[in-house]
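Asker: Build me a model from this:
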Amino acid sequence: MSSTTHYRMKHLVRELSQDRVPTFKPAQSVAVPKSGSSCEGPSPAVAIPIASPIATPIETTTLYIDSRIDGFTLRRWMLFGIATAFSLIVMVPGDQSLAQIRFPNAERTVESSGIEHIDAQTQTAIDRGLAYLASRQNLDGSFGRGGPYQSNVAVTALAGMAFMSAGHTPGRGTYGSNVQRAVDFILDQTQANGFIVSPGPATHGPMYGHGFATLFLAEVYGMTPPFRNARVSVGEALDQAVKVIINSQNKDGGWRYHPEPNEADVSVTVCQVMALRAARNAGILVRKDVIDFCTDYVKKCQNSDGGFRYQLRSRRDSMFPRTAASVVALYSAGIYDGPEVNNALKYLLARKPGRPASRFETHYFYAHYYAVQAMWHSGGRNWDLWFPAIRDELVLRQSRRDGSWAASYINSEYSTAMACLVLQMPNNYLPIFQR
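Answerer: Purely as a prediction, here's the structure:
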């Protein structure tokens with residue numbers, strides 16, 4: 001079974017096991033090929049072998065699907081055959097989560113190999129973190145209370161993805177309504193030109209917010225039936241948001257704080273690259289030259305020690321947070337191997353969680369949000385060494401009182417959402433995190 005098929009089957013099993021209406025996504029979200037390949041839109045048709053629901057014994061039928069057809073229609077069309085065939089392979093008790101399923105005699109795959117690291121204590125921490133987030137959602141659907149990051153689009157997007165990483169999608173699952181309200185808030189903050197910006201006073205680096213919000217919309221668009229609020233559909237907002245990113249790429253290939261093609265820094269650039277990758281996975285056109293250009297920029301920001309500088313011409317010291325983010329940018333561009341990736345991984349591994357100083361690093365949650373992705377995609381020994389270390393560190397740092405993680409320089413909703421995303425990486429549920 002291919003890795004992509006395994007992921008989609010796992011997605012279906014999780015929903016069936018939790019008594020949810022399945023939201024199986026047809027073969028429309030495909031991984032970006034490795035370095036040197038195109039990042040343009042999906043091919044017009046894909047061939048998917050599915051089990052015929054009326055065949056006895058089971059027969060397979062090749063169904064040719066136009067990948068531009070409405071995803072919900074396709075999903076309903078295919079579910080009967082898929083569910084019937086897969087139910088003959090494995091039965092999942094209704095009270096059992098996917099993280100508890102074990103196939104001791106089955107070959108380990110890249111999709112399931114991380115699940116063993118989510119033990120009961122970790123799952124309890126995740127559950128408490130999600131409950132805290134749900135209790136902190138504002139009436140307008142946003143997340144973030146107090147200070148300059150109140151009702152912030154980036155914090156809202158990250159909180160929404162934290163819920164989706166546990167299998168809750170808009171309107172479905174325990175936190176389905178929370179996700180739906182977060183989506184509605186993001187759509188309400190989408191301007192006519194496609195720029196997604198937080199309400200109220202201007203915050204530092206609005207392109208951060210736009211990038212995270214675009215990433216969230218792409219994940220929603222790729223995992224759920226099409227829907228719209230009173231103003232705009234998710235697909236329309238996503239398409240316009242992607243255009244804002246593309247049109248604001250600067251002459252070096254990167255992005256900076258505002259939607260203008262002026263300066264660039266590696267941190268904001270990584271945020272936009274992930275959003276573009278997620279949009280591409282969901283079927284939105286992203287030109288290859290845009291990805292190639294920003295990949296060149298990220299590579300030029302690498303130092304001789306394997307770490308990455310903040311900008312090409314200033315703040316040239318290497319730092320852990322932006323090095324972790326840069327590795328993820330290269331992965332998102334389809335570069336999974338090579339000297340840039342390998343040297344950066346060595347730099348990160350020398351700063352493994354668990355060291356006395358690791359808790360006090362600047363931009364702690366930001367850094368580990370990207371670092372865990374880097375190690376997840378690296379896999380093997382790197383992942384097996386890294387995740388238990390950051391898992392145990394985060395579990396110890398969680399508040400025993402309310403399940404939150406201590407407020408970072410942004411707010412506790414941000415740090416809690418980030419911690420939940422890190423701890424749920426082995427779920428491999430969101431397409432952008434899939435390896």
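Asker: buried set for stretch 133-152?
Answerer: For stretch 133-152, burial by neighbour count (16 or more other CB atoms under 10 Å) applies to 133-134, 136-137, 141-145, 149-152. C-beta here means a position set from N, CA and C on the backbone, and glycine is covered the same way.
Asker: Which of the residues you listed sits closest to P261?
Answerer: N152 (24.4 Å; CB to CB).
Asker: so what's that closest one scoring on pLDDT?
Answerer: On the pLDDT scale, N152 is placed at 95.
Asker: So in terms of bridging, what pairs with it?
Answerer: Beta bridges link N152 to F143 when assigned by DSSP bridges.
Asker: Surely it and S142 touch.
Answerer: Yes. Using CB atoms under 8 Å, N152 makes contact with S142 at a distance of 7.1 Å.
Asker: just to revisit the earlier point, for the buried residues of stretch 133-152, give me TSV that also has distance to I118.
Answerer: Output for these, formatted as TSV (distance: CB to CB, whole Å):
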residue	distance to I118
L133	18
A134	20
R136	24
Q137	25
G141	29
S142	29
F143	24
G144	27
R145	29
Y149	29
Q150	32
S151	32
N152	29
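Asker: Check those and tell me the two furthest apart.
Answerer: A134 and Y149 (18.6 Å).
Asker: Just to check, E413 is in contact with V155?
Answerer: Yes. Taking CB under 8 Å as the definition, E413 is a contact partner of V155 at 5.4 Å.
Asker: quick one: common contacting residues for the two?
Answerer: By CB atoms under 8 Å, 6 or more residues apart in numbering, E413 and V155 have these common neighbours: 143-144.
Asker: quick one: the strands in the protein?
Answerer: Remark: strands assigned in the chain by DSSP state E are 45-51, 60-66.
Asker: hmm, back to that, just give me the closest of the buried residues of stretch 133-152 to G403.
Answerer: For the buried residues of stretch 133-152, the nearest to G403 is L133 (8.8 Å; CB to CB).
Asker: who touches that closest one in this structure?
Answerer: Counted by CB under 8 Å, 6+ apart, L133 has contacts 143, 159, 162-163, 178, 413, 416-417, 420.
Asker: Which residues does stretch 196-216 contact?
Answerer: 148-154, 156-158, 160-161, 182-183, 186, 189-191, 195, 237-238, 241-242, 244-245, 248, 255-259, 268, 271-272, 274-275, 278-279, 432.
Asker: what about D289, how many residues close to it?
Answerer: 14 (other CB atoms under 10 Å).
Asker: Look up how far T295 lies from it.
Answerer: 10 Å (CB to CB, to the nearest Å).
Asker: and what of S135?
Answerer: S135 is 41 Å from T295, by CB to CB.
Asker: and what of G307?
Answerer: 18 Å.
Asker: What's the end-to-end length of stretch 141-156?
Answerer: Stretch 141-156 stretches 8 Å from its first residue to its last (CA to CA, to the nearest Å).
Asker: quick one, helices of the protein?
Answerer: 3-17, 71-87, 120-135, 153-164, 176-188, 206-223, 234-247, 266-281, 288-300, 320-332, 339-349, 364-378, 380-397, 412-423 (DSSP state H).
Asker: Looking at the ones you listed, spot the one closest to R355.
Answerer: helix 380-397 (9.1 Å).
Asker: What are the buried residues along the closest one?
Answerer: Neighbour-count burial for helix 380-397 [16+ other CB under 10 Å]: 382-383, 386-387, 390-391, 393-395.
Asker: Also stretch 187-194?
Answerer: Applying 16+ other CB under 10 Å to stretch 187-194 flags 187-190, 194 as buried.
Asker: what about it, how long is it end to end?
Answerer: 10 Å.
Asker: ok, now stretch 139-154?
Answerer: Start-to-end span of stretch 139-154 (CA to CA) is 17 Å.
Asker: And stretch 136-148, by the same measure?
Answerer: End residues of stretch 136-148 are separated by 16 Å (CA to CA).
Asker: chain center to stretch 330-339, what's the gap?
Answerer: Distance, stretch centre to chain centre, for stretch 330-339: 17 Å (CA atoms, centre = their mean, to the nearest Å).
Asker: Buried residues of that stretch, list them for me.
Answerer: So, applying 16+ other CB under 10 Å, buried residues of stretch 330-339: 330-335.
Asker: pLDDT and distance to T323 for those - can I get that in a markdown table?
Answerer: Shown next, in a markdown table, are the buried residues of stretch 330-339 (pLDDT from 0 to 100; distance: CB to CB, whole Å):
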| residue | pLDDT | distance to T323 |
| --- | --- | --- |
| L330 | 97 | 11 |
| Y331 | 96 | 13 |
| S332 | 95 | 15 |
| A333 | 94 | 16 |
| G334 | 93 | 19 |
| I335 | 95 | 15 |
